[in-house]
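Colleague: need coordinates for the below:
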Amino acid sequence: MKRKDIQNIFHQELDVIYNKNEVDSFFFILLESFHNITRIKLAMNPELMIDTNERLFNALERLKSQEPIQYIIGDTEFFGLTFKVNQHVLIPRPETEELVDWILTSHPTPNPDSYRDQHLTILDVGTGSGCIAVSLAKNLKKAKVYALDVSKEALNVARQNAELNQVEITFIEADILKTEDGRWKTDRVSDVKFDVIVSNPPYVREQEKGQMKPNILNSEPHVALFVTDDNPLQFYKAIITFAVNNLKDNGLLFFEINEYLGNDMIQLLKDHHFTNIELKQDVFKKDRMIKGQIGQ
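Modeller: Residues are numbered from 1 along each chain as shown. Prediction:
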């Protein structure tokens, strides 16, 4: 079937759900992924004959149910790297790329020129796909990176992504909400002190579900997204308690946060005696990241 004819089918089926530019983008992404034909070649050759198969039209049906394109093709790009994704992990967001960049450009020691050459120890809590941990390990060659998640399925994806991107990470299956005095009963991190702890934990309140797009609400894992309205900072409280006990002197704690809870997060860090607290907006001018330092 000709490329232009298949593309017309996609528009006939999907234009009632997505705008035309989105449909074109989905179409080219699928053909590029499934048939290894570059987007430029596809765009320049409307008469190009495409070997249609069940996989392509199955993808069309999944798009009609508003499943994210990243889950359909099985991977996505983050911080210049490729990551496998499925329904067990959140799809990495551009805002989280900003968080990674902030960590890489922050200097907890007096000698920033040697930051990337230091033997840092880093912990990513709630690693999901591993996008934060893998990106940090890839850019900080001498760092020892640990990544924790409560989900065995998520950790399987994260391990694949570490292997795909050729980095070594120590993965830990544990629940940050089930610590004892801010410590875990596990040999994997029992004696480790960290230079950096980072987390992008669940932070969307139940009351905010109505603001979310159906493709997110119906496809991505709710355990990684939502918190209760009456205790929206429960993960942050647990991680901060852990950080107080497990960060080195001058260590840094980084969070991605709910845009509406920036002031609450500042106060929470102050209550635990963090200093040099900085609230940072994302590219959309929303309060999205915060960091604090311990031992200063």
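
Colleague: any idea how far L148 is from R55?
Modeller: Separation of R55 from L148 (Cβ to Cβ, to the nearest Å) stands at 35 Å. Any C-beta I mention is one placed from the backbone N, CA and C, and that applies to glycine too.

Colleague: between those two, who's got more neighbours?
Modeller: Applying other Cβ atoms under 10 Å to R55 and L148 shows that L148 carries more neighbours, namely 27 against 13.

Colleague: ok, for the more buried one, nearest residue in space, not its chain neighbours?
Modeller: By the measure of Cβ to Cβ, 6 or more residues apart in numbering, the closest residue to L148 outside its immediate chain neighbours is I172, 4.4 Å from it.

Colleague: what helices and strands are in contact with the helix or strand in which that neighbour is found?
Modeller: When elements are assigned from DSSP states H and E, I172 belongs to strand 169-173. Judged by 3 or more Cβ pairs under 8 Å, 6 or more residues apart in numbering; DSSP states H and E, the packing partners of strand 169-173 are helix 131-139, strand 144-149, helix 152-164.

Colleague: report the buried residues of the first one.
Modeller: If I follow you right, that is helix 131-139. For helix 131-139, burial by neighbour count (16 or more other Cβ atoms under 10 Å) applies to 131-139.

Colleague: so what does the closest residue to T228 other than its chain neighbours look like in phi/psi?
Modeller: For T228, the nearest residue in space outside its immediate sequence neighbours is E206; the separation is 6.2 Å by Cβ to Cβ, 6+ apart. For E206, the backbone dihedrals (degrees, to the nearest 10) come out as phi -50, psi -40.

Colleague: check contacts around E206.
Modeller: Under the criterion of Cβ atoms under 8 Å, 6 or more residues apart in numbering, the neighbours of E206 are 226-229.

Colleague: show the pLDDT at D149.
Modeller: At D149, the predicted lDDT confidence score is 97.

Colleague: how about low-confidence regions in this protein?
Modeller: Low-confidence regions of the chain, defined by pLDDT under 70, span residues 108-115, 180-190, 296.

Colleague: okay, now the domains of it?
Modeller: 3-65, 88-293 (automatic domain parsing).

Colleague: looking at the ones you listed, which is buried most?
Modeller: Looking across the domains of the chain with neighbours counted as mean count of other Cβ atoms under 10 Å, the highest average goes to domain 88-293: a mean of 18.

Colleague: distance between the ends of that domain?
Modeller: The stretch domain 88-293 measures 32 Å between its terminal residues, going by Cα to Cα, to the nearest Å.

Colleague: for the residue most central in space within the chain, give its distance to I176.
Modeller: Taking Cα atoms, centre = their mean, the centroid of the chain lies closest to P92, which sits 3.7 Å from it. According to Cβ to Cβ, P92 and I176 sit 20 Å apart.

Colleague: one more: E61?
Modeller: Counting by Cβ to Cβ, the separation of E61 from I176 is 38 Å.

Colleague: ditto for D191
Modeller: Counting by Cβ to Cβ, the gap between D191 and I176 amounts to 18 Å.

Colleague: who's in contact with T121?
Modeller: Residues touching T121, when contacts are defined by Cβ under 8 Å, 6+ apart, comprise 143-144, 146, 192-196, 248.

Colleague: let me have those in JSON lines, adding distance to Q118 as columns.
Modeller: Conversion of these to JSON lines gives the following (distance: Cβ to Cβ, whole Å):
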{"residue": "A143", "distance to Q118": "8"}
{"residue": "K144", "distance to Q118": "11"}
{"residue": "Y146", "distance to Q118": "16"}
{"residue": "V192", "distance to Q118": "16"}
{"residue": "K193", "distance to Q118": "14"}
{"residue": "F194", "distance to Q118": "13"}
{"residue": "D195", "distance to Q118": "8"}
{"residue": "V196", "distance to Q118": "11"}
{"residue": "K248", "distance to Q118": "12"}
